[in-house]
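In: Pasted the sequence and its predicted model underneath.
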Amino acid sequence: MGGLKATGLFFDRGGDFSLGPLDITVPQRGLCSVIGPNGGGKSTLLKLLAGVLRPARGTVLLEGRFLSDLSRRDTAARIGYLPQEVGALYDFSVEAMVAMGMFALDGGRRHRPSGCGPATCAMEKTRVIHLKNRSFSSLSGGEKQRVLLASVWSRDPAYLLLDEPTSGLDPHHGVTVFRMLQEATRHHCGALVVSHDINLAAAFSDSMIFMDQGRILAEGLPDEVLDSEAVREAYGGSMGVWPHPDGKKGRVLLPERGSLSA
Ligand SMILES: Nc1ncnc2c1ncn2[C@@H]1O[C@H](COP(=O)(O)OP(=O)(O)OP(=O)(O)O)[C@@H](O)[C@H]1O
């Protein structure tokens with residue numbers, strides 16, 4: 001009954017693109033990353049699981065209840081969805097932006113250290129506390145991304161659906177975000193994270209999904225997925241899969257030597 005579970009999920013945009021039918025479960029614990037080429041359907045999948053889009057066929061169950069039967073408030077209290085792009089209508093302060101993420105908070109919930117309000121804790125986690133009085137629009141792209149992540153995080157959701165949370169982040173902050181996700185998903189939530197930072201995603205995820213043309217073409221352990229025929233076909237020619245340089249950490253996707261100019 002637990003988890004966020006889609007069965008026979010199908011969505012048709014009416015043009016060339018359709019998604020599914022596919023089955024997917026976001027478990028109550030663990031970090032699963034979704035990778036794949038541009039336009040492959042990753043964001044569409046997240047929107048369907050978050051209830052932002054309605055499937056043409058199939059069901060999405062949130063802990064045994066049909067997502068379509070739940071109010072936006074109930075959904076937002078359990079699912080923390082970070083879209084790929086967020087346009088702010090008004091220029092709020094960073095602190096206000098993060099506080100707005102808590103509007104759906106369902107009472108005093110788990111894992112919140114005393115003495116630290118949820119918005120403050122979230123801003124500390126994503127390292128934007130020093131920006132709290134700045135206006136959102138004045139921030140750099142990567143800073144904005146970390147503020148939006150804090151906004152989702154502040155609600156302490158049971159399921160995180162994050163669309164490219166590290167886009168625009170420098171490598172240090174990218175690692176910080178994935179570490180934070182790894183830690184959280186070990187103890188108190190499950191996450192499905194769309195990312196083009198494939199090597200970071202592979203290093204920190206428990207499992208991985210490769211999507212293209214609205215289908216799941218490979219899934220399993222990150223190493224298995226990176227080594228799959230589907231990934232080779234999609235990126236082959238320009239990218240190759242290599243052992244991680246430290247010899248222990250699995251595999252990395254890097255440009256093929258032959259694809260670099262002499
Ligand atoms: N609002 C929309 N209206 C019409 N078509 C759309 C819309 N949003 C996405 N699409 C199309 O649906 C398909 C899947 O898009 P989606 O955003 O899910 O891909 P993606 O895998 O997340 O891509 P990317 O890696 O580039 O973010 C693409 O062909 C895209 O052009």
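Out: The structure has been received and is ready for your questions.
In: roughly how far is stretch 135-152 from the heart of the chain?
Out: 16 Å (CA atoms, centre = their mean, to the nearest Å).
In: State the distance from Ser135 to the ligand.
Out: Between Ser135 and the ligand the computed distance is 27 Å (CB to the nearest ligand atom, to the nearest Å). The C-beta positions use only the backbone N, C-alpha and C, and glycine is treated the same way.
In: Contact partners for the residue nearest to that residue when sequence neighbours are not counted?
Out: The shortest distance from Ser135 to any residue that is not its chain neighbour, by CB to CB, 6 or more residues apart in numbering, is 5.0 Å, and that residue is Asp91. Neighbouring residues of Asp91 by CB atoms under 8 Å, 6 or more residues apart in numbering: Ser135, Phe136, Ser137.
In: now the helices: where do they sit in this structure?
Out: 42-50, 72-78, 94-100, 118-125, 141-153, 171-187, 198-204, 222-226, 229-235 (DSSP state H).
In: any chance of these in CSV, with distance to Cys32 too?
Out: Below are those laid out as CSV (distance: least, CB to CB, whole Å):
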stretch, distance to Cys32
helix 42-50, 11
helix 72-78, 17
helix 94-100, 25
helix 118-125, 20
helix 141-153, 17
helix 171-187, 9
helix 198-204, 9
helix 222-226, 10
helix 229-235, 16
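In: how about these in a markdown table, adding mean neighbour count?
Out: Formatted as a markdown table, the entries for the helices of the chain read as follows, by neighbours: other CB atoms under 10 Å:
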| stretch | mean neighbour count |
| --- | --- |
| helix 42-50 | 23 |
| helix 72-78 | 17 |
| helix 94-100 | 21 |
| helix 118-125 | 21 |
| helix 141-153 | 23 |
| helix 171-187 | 17 |
| helix 198-204 | 22 |
| helix 222-226 | 21 |
| helix 229-235 | 16 |
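In: Thought Pro171 was touching Gly142, still the case?
Out: No: the pair Gly142 and Pro171 fails to qualify as a contact (CB atoms under 8 Å) at a distance of 10.8 Å.
In: ok, back up a step: from the contacts of Asp91, which would you call buried?
Out: Buried members of the contacts of Asp91, scored by 16 or more other CB atoms under 10 Å, are Phe136.
In: Just give me the closest of the contacts of Asp91 to Asp206.
Out: When the contacts of Asp91 are compared for distance to Asp206 (CB to CB), Phe136 wins out at 32.6 Å.
In: Pretty sure that closest one sits against Val98.
Out: No: counting by CB under 8 Å, no contact exists between Phe136 and Val98, whose distance comes to 9.7 Å.
In: Give me the common contacts of those two.
Out: Common contacts of Phe136 and Val98, defined by CB under 8 Å, 6+ apart, comprise Val147.
In: Turn the helices of the chain into a markdown table, including mean pLDDT and distance to the ligand.
Out: Formatted as a markdown table, the helices of the chain follow (pLDDT from 0 to 100; distance: least, CB to the nearest ligand atom, whole Å):
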| stretch | mean pLDDT | distance to the ligand |
| --- | --- | --- |
| helix 42-50 | 97 | 3 |
| helix 72-78 | 87 | 20 |
| helix 94-100 | 85 | 23 |
| helix 118-125 | 86 | 25 |
| helix 141-153 | 88 | 14 |
| helix 171-187 | 92 | 17 |
| helix 198-204 | 93 | 12 |
| helix 222-226 | 93 | 15 |
| helix 229-235 | 90 | 12 |
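In: Contacts for stretch 220-230 next, please.
Out: Contacts of stretch 220-230 with the rest of the structure, by CB under 8 Å, 6+ apart, involve 33, 35, 198, 201-203, 205, 207-210, 212, 217-219, 231, 241, 250-253.
In: Next: stretch 21-31.
Out: With contact meaning CB under 8 Å, 6+ apart, stretch 21-31 is reached by 2-10, 32, 45, 49, 57-58, 158-159, 161, 181-182, 185-193, 204-207, 209, 214-216.
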